[in-house]
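structure for the following, please:
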Amino acid sequence: MELFEEAILFYADHPYEFVVDIIEATPTDQQKQILKAIPNAIKERKGISVKAGHGVGKTTIESWVIIWFMTCFPFPKVPCTAPTQHQLYDVLWSELAKWHKKSKVKEMFEWRKTHFWNKDYSENWFAVAQTSKEPDAMQGFHAEHLLFIIDEASGVPEDVMEVIQGTQTQENCLIMMFGNPTQIAGAFYNAFHSKRQFYKTFTLNSELSPLVDPAYCKDIADKFGKESDVYRVRVLGEFPNAEPDTLIPVDRCERASNREIEVGLYEVIELGIDVARYGDDETAIYSRVNKEISEEGFFRKQDIMVTVGEIVKVIRKYQKGKTILVNVDDSGVGGGVTDRLLELVREGIIEAEIFGVNNGSQATDKDRFINCGTEMWFYMREWLLEGKIPNDNTLIGQLSSRKHHGSSTGKEMLERKEQMKERGLVSPDRADAAILTLRSLIYGTTQTESRAFAC
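Here you go, the predicted model:
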């Protein structure tokens, strides 16, 4: 479809109408506010910064804006960036492909995995996707009409943001930042605080979006409370409060869940298992390979022998030529699981090294930590600076909700689970299981059988 010059001039100042008429989409009220603000932002040489809960359609807005800008301005350049290839190519660029195909201007443009261009002017009328790992990726873009799309802006390095923000005073240049508000520092945070005068700011609240199932918001509220940081970030689209007695900040968990790493060669797989039986708690199984923790299964209200069977399946999944370390929370019903796994090893049915872990036993750094469990949680806090965890609401919520305080002996100690339940929180079963995958990094692998591993 070719647009007449009069239509182009109209839509250049009316991106909302462009989305409705040309892309044939129906923006939510929240999305509409952002689209309506874009023309004035360009005229006033301000950026647009959007913090969002989950599922509110922020990536959809980004793809709409790319198509609008590419259609309504001559010879534009649209650099798009995000911290990870997954977010950039699998999420943003695939969303762009979807709306490009639906639009009335689809014949004007060509879409490929990393580029989107005008068919008649491919060399100087394009959008390009480049991860934000290096500042050079965002340098060298010069055009009369320039649009920067920054997705998951909380995770973009500061030196990259500085390069992009250096273009903000140019005429007909627009910087748009989108993201979940996970960090209380950096350029994205500053856009809502100390640098607010340079941006038009918006918040996409999951509670108010028709795109979000209310059950999602209720689930997060029921598990962690509406006052929790995980609810603030993942539902309200607000920055975390970061209470000083919270052991692991939610922003650290969020970064670890979105991190891209190379697993590389490995010989050892370490499992962490937190065992429940017939109560309200959950049996959780995680594995760790080098710096990546992965979920293997979650179960409720099942016999411990069935749980043993699930663990055996995971062991056999990884067993070929590898060393399998299996760490079981040995307190309570977990003791029976440890017993049976050790028996299966002795009978030659499985090959693995089994460790029963008693979180109440003595820490290695006994002058600092009151027990082994506290020591492992503190270790996880540091490991998250470089490691990767699943992007799971429940795991992130559990890791970022537990508090700590000093004991009467001056040692660090975790908030007891009874205290957590008094605050309306569930037992942190997934967090405990994920942390158990780190046991060998703290205590080594020399002890292959133990009824209560001496931490």
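
which SS class is residue 30?
Reducing the assignment at residue 30 to three states with DSSP: H, G, I helix; E, B strand; the rest coil gives helix.

contacting residues for it?
Taking C-beta atoms under 8 Å, 6 or more residues apart in numbering as the criterion, residue 30 is in contact with 56, 57, 202, 204, 205, 208, 209. No exception for glycine: its C-beta is placed from N, CA and C like everyone else's.

mind running it again at 10 Å?
Under the criterion of C-beta atoms under 10 Å, 6 or more residues apart in numbering, the contact partners of residue 30 comprise 50, 52, 56-58, 61, 202-205, 208-211, 237.

which among those gets closest to residue 122?
Checking the contacts of residue 30 against residue 122 with C-beta to C-beta, the nearest one is residue 61 at 25.6 Å.

distance of that closest one relative to residue 238?
Distance, residue 61 to residue 238, by C-beta to C-beta, to the nearest Å: 19 Å.

looking at the two, which one has more neighbours?
Neighbours were tallied for residue 61 and for residue 238 using other C-beta atoms under 10 Å; the higher tally belongs to residue 61 (29 against 17).

you'd agree that one is in a strand?
No: secondary structure of residue 61, determined by three-state DSSP: helix, with no strand assignment.

one step back: give the PyMOL command for selecting the buried subset of the contacts of residue 30.
Here is the PyMOL command that selects only those of those that count as buried (16 or more other C-beta atoms under 10 Å):
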select buried, resi 50+52+56+57+58+61+202+203+204+205+208+209+237
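
nearest to residue 10 among the contacts of residue 30?
Distances from these to residue 10 were compared by C-beta to C-beta; the smallest belongs to residue 61, at 20.3 Å.

just for the stretch 201-350 of the chain, where's the confidence low?
Within the stretch 201-350 of the chain, the set of residues satisfying pLDDT under 70 comprises 277-279.

mind jotting down where the helices sit in it?
Assigned by DSSP state H, counting those that start in this stretch, the stretch 201-350 of the chain shows helices spanning 214-224, 229-231, 250-258, 304-318, 334-346.

enumerate every residue touching residue 133.
By C-beta under 10 Å, 6+ apart, the contact set of residue 133 is 81, 83, 84, 85, 156, 157, 160, 260.

could you list which of those belong to strands?
Helix and strand membership here follows DSSP state E; of the contacts of residue 133, those in strands are residue 81.

ok, residue 79 - how many residues close by?
Around residue 79 there are 22 residues (other C-beta under 10 Å).

check for me that it belongs to a helix.
No: the assignment for residue 79, made by three-state DSSP, is strand rather than a helix.

and it, what are its bridge partners?
Following DSSP bridges, residue 79 is listed with bridge partners residue 128.

hmm, it is touching residue 164, no?
Yes: assessed by C-beta atoms under 10 Å, residue 79 is found in contact with residue 164 at 8.0 Å.

which residues touch residue 127?
For residue 127, the set of contacting residues under the criterion of C-beta under 10 Å, 6+ apart consists of 63, 66-67, 69-70, 76-80, 93, 96, 109, 111, 114-118, 147, 149.

tell me the phi and psi of residue 142?
Backbone dihedrals for residue 142, given as degrees, to the nearest 10, come out at phi -130, psi 130.

so what's the residue count around it?
The criterion is other C-beta under 10 Å. On that basis, residue 142 has 9 neighbouring residues.

ditto for the one 4 residues further on
Summarising burial for residue 146: neighbours were counted as other C-beta under 10 Å, giving 20.

hmm, residue 176 and it touching each other?
No: in terms of C-beta under 10 Å, residue 146 does not count as a neighbour of residue 176; the distance is 11.5 Å.
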